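[1] pasting the sequence and the predicted coordinates here, then a few questions.
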Amino acid sequence: MRWENRPRFGLAETGFMNRDEFYRRIADLLDTCGLESKTVAVIGLGSGGSRVAAELGRLGIQLLLVERPGELLEEHNIVRHLLGYRSLGKPKLTEMAAYIQNLNPGARVIAWPLDAVEQGRRLGRLLEERRPDLIAVCTDNEPSKHAINQLALRLRLPQIGAAVYDGGIGGEVYRASPGKACYGCIAAQLQLRYQPRDSRQAQNYSNPSVEEGQATCALSLDIEQIALLQCRMALDLLLGQEHSLLRLPPEVNLCVFANRVVPGTFARPLHCEFFSVSKRADCLECGEAPAQVEAEAERILRGLKSPAVISRSAP
Ligand SMILES: [Zn+2]
């Protein structure tokens, strides 16, 4: 489905957009023309992914939106999702495309109703054909993150992904660039660094329709905080080191942000820690040494069964 060929909404209905006027207040900050030439695949349009897509689309970045077929906005989504009651019962995918085109009628948005795990091969073919500059990983479960990681590795596409911790206490944003630590490497580091907690249900942007009992408990503002960090890192990757706004050292590939104080976990509120995770030679997804494959497989399986990343252990 090509949203760019569908009827447009909002301002675009008038057929008029004064581009210079639209970008006037940010033109000194960003190369808006350069950004319009970039393409980002946003995979997952839940409460986090919807924010990521909207912020990038607002800046005129071309978007490939990916969401599971038949994924509708339900009433319990609305308290945290970008979309509201006007979209109730409608597909998140097409509603988000319309939302973004109302923010920036010049944005080119293509909507792909695909399941990243079950239709991974098809997603891979489409990504190979379109070659986005970046994949924004906004899905809500570990299997999909690893599936996307493997596609990104094969196609040599960079990824910026994120997760919100249970309770909305904070979250993490990672970047995985070709040839460097992949999501498998980073996930392994997170499991070493944080101790599982039995009560933790899920760490990712929540989408209650997937696993009702495993939805992350978090407020909209908790999720949005992490989603905006993900947007910042995505934007920096698109702008390149020379025009970076964040000036994050290139070796940093993981940020863990505390939304609030949690004794034993986060000592300071609204505080970010930065990590440089090394590529693992024994990583099942990008590594080269098969000697520890079985042990690594066992570790990943354990992580998938109990992907807790909350209670911090001593580093
Ligand atoms: Zn790896």
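    Sure thing, it's come through.

[2] ok, which stretches of the stretch 201-315 of the chain are strands?
    254-258, 271-275, 311-312 (DSSP state E, counting those that start in this stretch).

[3] correction: the previous question concerned the stretch 1-150 of the chain.
    Under DSSP E, counting those that start in this stretch, the stretch 1-150 of the chain gives strands at 39-43, 62-67, 109-113, 134-137.

[4] direction included, what does the shortest one pair up with?
    So that's strand 134-137. strand 39-43 (parallel), strand 159-164 (parallel) (DSSP bridges).

[5] cool, the longest one as well?
    Its sheet considered, strand 62-67 pairs with strand 39-43 (parallel), strand 109-113 (parallel) by DSSP bridges.

[6] about what we covered before: the ion is nearest to which of the strands of the stretch 201-315 of the chain?
    The minimum distance between the ion and these falls on strand 254-258, with 12.9 Å, by Cβ to the ion. C-beta: built from backbone N, CA, C; applies to glycine.

[7] for the ion, see how far away the residue nearest to residue 63 when sequence neighbours are not counted is.
    Nearest non-adjacent residue to residue 63, counting by Cβ to Cβ, 6 or more residues apart in numbering: residue 109, 4.8 Å away. Distance of residue 109 to the ion, given as Cβ to the ion, to the nearest Å: 31 Å.

[8] check the burial of residue 109 by counting its neighbours.
    For residue 109, the neighbour count with other Cβ atoms under 10 Å is 25.

[9] still on that earlier bit, so of the strands paired with strand 62-67, which one's packed in deepest?
    strand 39-43 (a mean of 26; mean count of other Cβ atoms under 10 Å).

[10] for the one helix or strand residue 173 maps to, which outside residues touch it?
    Secondary structure from DSSP states H and E places residue 173 in strand 170-176. If you take Cβ atoms under 8 Å, 6 or more residues apart in numbering as the criterion, strand 170-176 is touched by 149, 152, 158-165, 182-183, 185-186, 190, 222-223, 225-226, 229-230, 233, 237, 253-260, 262, 265-266, 277, 309.

[11] next, the angle strand 159-164 makes with it.
    170 degrees (axes from the mean of the first three to the mean of the last three Cα atoms, to 10 degrees).

[12] how much does strand 170-176 deviate in direction from strand 254-258?
    Going by the same axes, to 10 degrees, strand 170-176 is angled at 170 degrees with respect to strand 254-258.

[13] strand 170-176 pairs with which strands?
    Strand 170-176 is paired, per DSSP bridges, with strand 159-164 (antiparallel), strand 254-258 (antiparallel).

[14] please identify the most buried of those strands.
    strand 159-164 (a mean of 28).

[15] and the chain, which residues reach the ion?
    Residues of the chain lying near the ion by Cβ under 5 Å from the ion: 182, 184-185, 283, 285-286.

[16] what's the farthest-apart pair in the residues you listed?
    Put simply, by Cβ to Cβ the two of the residues of the chain next to the ion set farthest apart are 185 and 285, 7.7 Å from each other.

[17] wait, what's in contact with residue 132?
    So residue 132 contacts 39-41, 64, 157 (Cβ under 8 Å, 6+ apart).

[18] repeat that with 6 Å
    39-41, 64 (Cβ atoms under 6 Å, 6 or more residues apart in numbering).

[19] could the strands paired with strand 134-137 go into JSON lines alongside mean pLDDT?
    What follows is the strands paired with strand 134-137, written out as JSON lines (pLDDT from 0 to 100):
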{"stretch": "strand 39-43", "mean pLDDT": "98"}
{"stretch": "strand 159-164", "mean pLDDT": "97"}
